[in-house]
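J.: Sequence first, predicted coordinates after that:
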Amino acid sequence: MVEKNKGFQVGAHIVMIILSLCCIFPFLLLIVSSITDEQELIRNGYTLFPKALSLNAYQYMFKSSNKIISAYGITILSTVVGTVCGLSMTILMAYPLSRRDLPGRNGLAFYVFFTMLFSGGLVPTYIMYTRYIKVSNTIWALIIPSLVVNAFYVIMMRTYFSTNIPEAVIEAARIDGAGRMRTMLQILLPLTLPGLVAVGIYTFLNAWDDYLMSMTIMQVNNMKTLPVGLAQSFLGEYAHDYGALMAFSMAGSLPIVLLFVFFQKYMVSGLTAGAVKG
């Protein structure tokens, strides 16, 4: 039995290593291609072991540094503010739904779930933001959508609140005189940090990779987000410069990788803290 279990563990580790390499390989190829000489790319294509290296691609990218810095600024601002707002709205919606004593809880939960099945579409969204809310060509066009909570995230956090927070903890806080808001901020949120980090990562990625709102609502170039700016570079003067395309891709993906490492550290600490407090 032990031998069979050991064989399964070895096989599982091999499979996970192969899957990890499949995930790492494209990113390594992207990094190497961005520092490969352009003529080398044309002759031999993309490879992990190029014969000639060059930083010309990054020199091309820095020629458009003003546009890239502007796009970075818009993207960072809208992403950070949007993530904070989106996560706050998700918590404020999910926590009441997790309480069994909430009047009309089942009907409200059904309403949240039902909205997952439908979408208003691009045209009604465009009309709403341009004609009624009137936020076109402003930073608010990138921030206000984050206030419209994602139903999946609400259900995810509601389930996390319901299954990972003992009722005795809430009752103890109530006996000690803590109100609902204090209970949520000082007791529940630290205990649910892993779930908050997971939803925060999803919200952050959605805001960072936002292409549609910036492309449709923003008509001025100085309000374009990083994905739109990179896409315009891909289709513009650098369309046939493969090394520059890889460098631009690095500019868009590297911050995500670094921030994921940062979030992962806090996710692990949150799991440890939740286990200790539980």
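T.: Looks like it came in fine.
J.: and the strand or helix carrying residue 160, which residues are buried?
T.: According to DSSP states H and E, residue 160 maps onto helix 151-164. Within helix 151-164, the residues scored as buried using 16 or more other CB atoms under 10 Å are 151, 153, 154, 155, 156, 157, 158, 160, 161. All C-beta atoms are positioned from the backbone trio N, CA, C, and that covers glycine.
J.: List the contacts of the third one.
T.: Translated: residue 154. Residue 154 sits next to 90, 93, 94, 97, 112 when contact means CB atoms under 8 Å, 6 or more residues apart in numbering.
J.: If we use 10 Å, what do you get?
T.: Residues in contact with residue 154 (CB atoms under 10 Å, 6 or more residues apart in numbering) are 89-95, 97, 109, 112-113, 115-116, 199.
J.: and if you look at the fourth one?
T.: Contact criterion CB under 10 Å, 6+ apart gives 90, 93, 94, 97, 109, 112, 113, 116 as the residues in contact with residue 155.
J.: Let me know the closest of those to residue 44.
T.: residue 116 (47.4 Å; CB to CB).
J.: unless I'm mixing things up, the closest one is touching residue 152, no?
T.: Yes. Applying CB atoms under 10 Å as the test, residue 116 and residue 152 come out as touching, 6.2 Å apart.
J.: Need the overlap of contacts for these two.
T.: Among the neighbours of residue 116, none is also in contact with residue 152 (CB under 10 Å, 6+ apart).
J.: Go ahead and name everything in contact with the next helix-or-strand element following the helix holding residue 160.
T.: The C-terminal neighbour of helix 151-164 among helices and strands, as given by DSSP H and E, is helix 167-175. Contact partners of helix 167-175, identified using CB under 10 Å, 6+ apart, comprise 99-100, 161, 166, 178-180, 182-184, 186-188, 191, 277-278.
J.: among those residues, which ones are buried?
T.: The neighbour-count test (16+ other CB under 10 Å) applied to the contacts of helix 167-175 identifies 161, 178, 183, 184, 187, 188, 191 as buried.
J.: and the residue nearest the centre of the chain, what is it in contact with?
T.: Residue closest to the mean C-alpha point of the chain, counted by CA atoms, centre = their mean, is residue 205 at 1.8 Å. Residue 205 makes contact with 79, 83, 256, 259, 260 under the criterion CB under 10 Å, 6+ apart.
J.: Next, the angle helix 151-164 makes with the helix or strand where it lies.
T.: For residue 205, the enclosing helix or strand under DSSP H and E is helix 193-208. Here helix 193-208 runs at an angle of 170 degrees relative to helix 151-164 (axes from the mean of the first three to the mean of the last three CA atoms, to 10 degrees).
J.: Convert the C-alpha atoms of helix 193-208 to PDB, please.
T.: Extracted in PDB, the C-alpha atoms of helix 193-208 (Å, rounded to 0.1, in the frame of the first residue of the first chain):
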ATOM      1  CA  LEU A 193      -7.900  37.300   4.100                       C
ATOM      2  CA  PRO A 194      -7.200  34.400   1.700                       C
ATOM      3  CA  GLY A 195     -10.500  34.800   0.100                       C
ATOM      4  CA  LEU A 196     -10.100  38.500  -0.100                       C
ATOM      5  CA  VAL A 197      -6.700  38.200  -1.800                       C
ATOM      6  CA  ALA A 198      -8.200  35.700  -4.300                       C
ATOM      7  CA  VAL A 199     -11.000  38.000  -5.300                       C
ATOM      8  CA  GLY A 200      -8.600  41.000  -5.200                       C
ATOM      9  CA  ILE A 201      -6.300  39.200  -7.700                       C
ATOM     10  CA  TYR A 202      -9.200  38.500 -10.100                       C
ATOM     11  CA  THR A 203     -10.500  42.100  -9.800                       C
ATOM     12  CA  PHE A 204      -7.000  43.500 -10.300                       C
ATOM     13  CA  LEU A 205      -6.400  41.400 -13.400                       C
ATOM     14  CA  ASN A 206      -9.700  42.400 -14.900                       C
ATOM     15  CA  ALA A 207      -9.000  46.100 -14.400                       C
ATOM     16  CA  TRP A 208      -5.300  45.800 -15.600                       C
END
